[in-house]
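**Q** Okay, here's the prediction I keep looking at, along with the sequence it came from:
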Amino acid sequence: MTTTRRNLWPYAIIATFVLFAAYIGYMVQRAMRTNVDLVSADYYQQELAYQQRMESVARTAALPAPVRVAYERASQRLTLQLPPALAGQAVRGTLYFFRPSDQKLDFRLPFSPTGDSARQELNTSRLLAGYWRLRLDFTAGGHQYFVEKELSI
């Protein structure tokens, strides 16, 4: 009586290829179902305005004094102070609070500093604690300015 031994290597190789193909299929399926949010809903319009933004940033950097953004944790106040060179001019703009971890928390406020001090104070008690980016886009004396600051509330 002769016994023949079966070689299991062909089956192991085929099983390895089948398992690998199943794993790749699973990873493709997971990647297709992953929700990828853009940083902002109007990302492409913002990209088109990139050159104007760079000119605004350069103009802001050329100011004799920087735009000061100070957060006081104890009083939960955010103070925005424009340089004295812009004091007395009509200043209008927008404050954009951007929360990178949750787009639903993003919001905008009007920026209109009062008096000759060109200063605006905001109460931050309603902001969730964590990392925020503050974008200040304003016009003074017919020129566009832009400042972006990181805040930890």
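**A** Done, it's in. Numbers count the residues shown, from 1 in each chain.
**Q** Now the top helix by length along the chain: average pLDDT?
**A** Taking DSSP state H as the criterion, the chain has its longest helix at helix 9-33. Helix 9-33 carries an average pLDDT of 96.
**Q** so how many other residues sit close to residue 49?
**A** 11 (other C-beta atoms under 10 Å). Glycine gets a C-beta too; all of them are placed from N, C-alpha and C.
**Q** how close does it get to residue 67?
**A** For residue 49, the distance to residue 67 (C-beta to C-beta, to the nearest Å) stands at 20 Å.
**Q** burial of residue 74, as a residue count?
**A** 5.
**Q** list the contacts for it?
**A** Contacts for residue 74 (C-beta atoms under 8 Å, 6 or more residues apart in numbering) come out as none.
**Q** domain ranges for the chain?
**A** According to automatic domain parsing, the chain comprises the domains 7-36, 43-152.
**Q** highest average neighbour count across those?
**A** The highest average neighbour count among the domains of the chain, using mean count of other C-beta atoms under 10 Å, belongs to domain 43-152 at a mean of 14.
**Q** Endpoints of that domain, how far apart?
**A** Using C-alpha to C-alpha, to the nearest Å, one end of domain 43-152 lies 24 Å from the other.
**Q** ditto for stretch 93-104
**A** Terminal residues of stretch 93-104 lie 22 Å apart, using C-alpha to C-alpha.
**Q** Look up how far residue 106 lies from the residue minimising distance to the centre of the chain.
**A** Residue closest to the mean C-alpha point of the chain, counted by C-alpha atoms, centre = their mean, is residue 100 at 4.6 Å. In this view, residue 100 and residue 106 are 9 Å apart by C-beta to C-beta.
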